[in-house]
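[1] Sequence and predicted structure below; questions after.
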Amino acid sequence: MPHRVVLALLCCVLPASAMAEATLTGWISSPALPEISGMAASHAHPGTLWVENDSGNPADVYAVSPGGTLLATLHVDGVPNIDWEDFASFDMDGHHYLILADTGDNGGIRKTLALHVIEEPKELHDAHARPAWSIAFRWPDGPRDCEAVAVDVRTSSILLITKKRVPAQLFRLPLRPMTTNSKEPGVLTAELLGTLAGIPQPTADEIAAAPHYARYLSQVTAVDIAPDRNSIAVLTYRRAYLYRRSATEDWAQAVSHAPIQLSFEWMPQAEALAFALDGRSFFVSGEHLPAPIVQVDVPASH
């Protein structure tokens, strides 16, 4: 069925005023990608997206086209995929990097978590890579599940948003650590910056209709920072939220304001989000095969 027909059928189940301007660009059908949990736009190969699977899958990352074609597989040597849950891309010192967030913790039992930075390959073909550096860290006051990680190179920061806490919490880690936790050498402690405003929780009617599913609707599953650093997009299973900031605000202040809500509720188990390189849109995908790739337009600022 043509993509435009699929979109028309899906959009008709929701009020038009609630829908974001979105285009279905393709479907990922490769059996190598059964549980997409993170996505990043390639800086080395414009027009290419990097995706990853979560726990129980090989320590591989995959280059795909916006149409869903698998272009290359990059095996990450020396690190396991305990629970990879997000992905981000950034440039630093003339190099193109990807950061893997091994931060998932459904059971709330992991004492330390990890972030692995790898350099993007110069050519797109099956290959191996080793982390340029890795960061081990802990939360300041006990385990948390986290599926949302982004990089702000200008402040040399990694932003992390927790999943199950209400309201969702925003944390920070240094991108290039110089010091570690003295009680646990080699392990950093994430710094709490604030909480996210404006993410509605399930209503009583939603909980009554689907008690098990409804509690997941507002949980944060991905985040990315716009290329111009003026906004941050946060994904939940239900919709995306765009937080804009002024020139004088930091990210903690930005997420303390009510966001712009962008709904596309027909996305099955949305878990991956990445801004396009021009910042005018972002891509969303998720678990289950075939996995749709949807390009969502970013509303113009006024």
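    That came through, no problem.
[2] and the nearest residue to Asn106 once chain neighbours are set aside, how many neighbours does it have?
    Among residues not flanking Asn106 along the chain, Asp145 sits closest, at 6.0 Å (C-beta to C-beta, 6 or more residues apart in numbering). (Each C-beta comes from the backbone N, C-alpha and C, glycine too.) Using other C-beta atoms under 10 Å, Asp145 has 19 neighbouring residues.
[3] Next, the contact list for Asp145, please.
    Asp145 sits next to Gly104, Asp105, Asn106, Gly108, Thr162, Lys163, Lys164 when contact means C-beta atoms under 8 Å, 6 or more residues apart in numbering.
[4] Which of those residues sits closest to Pro290?
    Gly104 (23.0 Å; C-beta to C-beta).
[5] count of residues packed around that closest one?
    21.
[6] Which residue comes closest to it once chain neighbours are left out?
    Closest residue to Gly104 apart from its sequence neighbours, by C-beta to C-beta, 6+ apart: Asp83 at 3.1 Å.
[7] ChimeraX command to pick out the buried ones of the contacts of Asp145?
    For anyone working in ChimeraX, the buried entries among those, judged by 16 or more other C-beta atoms under 10 Å, can be selected with:
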select :104,105,162,163,164
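[8] Out of the contacts of Asp145, name the ones that lie in strands.
    Those of these mapping onto strands are Thr162, per DSSP state E.
[9] Confidence-wise, which helix or strand of the chain is lowest on average?
    In the chain, no helix or strand scores lower on mean pLDDT, DSSP states H and E than helix 3-11, which sits at a mean of 34.
[10] which ones are touching Leu115?
    For Leu115, counting by C-beta under 8 Å, 6+ apart, the contacting residues are Ile99, Leu100, Ala101, Asp102, Thr103, Ser134, Ile135, Phe137, Val149, Ile158, Leu173.
[11] That one pairs with what?
    Assessed by DSSP bridges, Leu115 has beta-bridge partners Ala101, Ile135.
[12] now swap in Ala274 and tell me
    According to DSSP bridges, the partner residues bridging Ala274 are Phe283.
[13] ok, it touching Met39?
    Yes. Using C-beta atoms under 8 Å, Ala274 is in contact with Met39, at 4.3 Å.
[14] any common contacting residues for these two?
    The contact lists of Ala274 and Met39 share Leu49, Phe87, Phe283, where a contact means C-beta under 8 Å, 6+ apart.
[15] Gln253: what secondary structure?
    Counting by DSSP: H, G, I helix; E, B strand; the rest coil, the backbone at Gln253 sits in helix.
[16] count of neighbours near it?
    Around Gln253 sit 14 other residues, with neighbours defined as other C-beta under 10 Å.
[17] Correct me if wrong: it contacts Arg245.
    Yes. Proximity of Gln253 to Arg245 meets the contact threshold set by C-beta under 8 Å, at 6.7 Å.
[18] low pLDDT regions in the stretch 1-150 of the chain?
    Filtered on pLDDT under 70, the stretch 1-150 of the chain yields the residue ranges 1-20.
[19] can you give me the strands for it?
    According to DSSP state E, counting those that start in this stretch, the stretch 1-150 of the chain carries its strands in the segments 22-28, 36-41, 49-53, 60-64, 70-76, 84-92, 95-102, 113-119, 127-129, 133-138, 146-152.
[20] closest to Leu188 out of the ones you listed?
    In this view, the strands of the stretch 1-150 of the chain are compared for proximity to Leu188 by C-beta to C-beta, and strand 133-138 is the closest at 4.2 Å.
[21] Give me the contact list for that closest one.
    If you take C-beta under 8 Å, 6+ apart as the criterion, strand 133-138 is touched by 79, 111-117, 158, 173, 176-177, 181, 184, 186-190.
[22] from these, which would you call buried?
    The neighbour-count criterion (16+ other C-beta under 10 Å) marks 79, 113-117, 158, 173, 177, 187-190 among the contacts of strand 133-138 as buried.
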